[in-house]
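> Prediction below, plus the sequence it came from.
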Amino acid sequence: MNFNSHSDAAVAVAVFLVNKLTAGEARGRAYSPPPKGAERRTAATEALRAGGWRSREATDTEADELADVATELRVVFDAVEADDVDTAALQVNQLLDGTQARPHLERHDGEPWHLHFHGKNQTLRDDWAAACATGLAIVLGSDLHDRLGVCTAPHCDRVYVDISRNGTRRFCSTACQNRVKTAAFRARASHS
């Protein structure tokens with residue numbers, strides 16, 4: 001399922017930011033985001049490069065600011081998972097208002113004209129918060145808002161966007177899907 005290439009990429013960045021820079025559980029274990037410094041910079045930069053975008057490496061300050069953005073973005077996924085689209089929409093609107101996201105057509109790196117969204121200050125934090133919020137707004141404003149999800153595997157709260165044709169994804173990764181299938185197989189085998 002594709003919304004459009006730019007918003008798809010922005011939503012992919014939102015997913016990676018949340019999954020790499022927010023605490024919780026991942027694949028059956030407690031998950032702590034990388035500590036401040038080089039590890040957080042690397043995680044933030046990897047998240048920004050999700051969806052195929054070329055991004056320079058985030059500074060320490062920018063990585064910390066992006067971790068704050070990730071916390072704000074997580075609210076959207078958690079709200080959709082709780083079937084509270086109103087809260088998700090209000091959170092996205094708050095991000096859009098705070099960044100004063102504005103559309104802007106750009107052409108660079110040999111690509112055709114495409115839509116970018118920038119924040120009021122054109123800082124890395126505001127630009128990515130604006131882009132992610134806009135991408136999520138496109139998803140929430142469609143009948144496909146249920147494509148945003150939180151992993152249903154036990155002890156995992158990583159988020160995903162379901163781009164499959166049938167819209168039945170329930171897990172953040174193949175690893176979590178396999179964990180659940182293996183546990184179900186073992187449970188059936190022990191009852192036989």
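Received it, and whenever you're ready, just let me know what you need. Residues are numbered from 1 along each chain as shown.
> And the contacts of the lowest-mean-pLDDT helix or strand in the chain?
The weakest-scoring helix or strand in the chain, judged by mean pLDDT, DSSP states H and E, is strand 114-118 (a mean of 80). Contacts to strand 114-118, defined as C-beta atoms under 8 Å, 6 or more residues apart in numbering, come from residues 4-6, 10, 101-107, 126-127, 130-131, 133-134. Bear in mind the C-beta positions are built from the backbone N, C-alpha and C, glycine included.
> Go again with 10 Å.
Strand 114-118 has contacts (C-beta atoms under 10 Å, 6 or more residues apart in numbering) with 4-7, 9-10, 96, 99-108, 126-135, 137.
> just checking, next helix/strand downstream of that strand?
helix 124-140 (DSSP states H and E).
> relative orientation of that following helix and strand 114-118 in degrees?
Computed by axes from the mean of the first three to the mean of the last three C-alpha atoms, to 10 degrees, the angle separating helix 124-140 from strand 114-118 equals 120 degrees.
> name the helices or strands packed onto helix 124-140?
helix 5-21, helix 38-48, helix 60-81, helix 85-99, strand 102-106, strand 114-118, strand 148-150, strand 159-161 (3 or more C-beta pairs under 10 Å, 6 or more residues apart in numbering; DSSP states H and E).
> partners of the helix or strand that the first one is followed by in the sheet?
Where DSSP H and E defines the elements, the next helix or strand beyond helix 5-21 is strand 24-26. Taking DSSP bridges as the criterion, strand 24-26 sits next to strand 29-31 (antiparallel) in its sheet.
> Fine, thanks again, bye for now.
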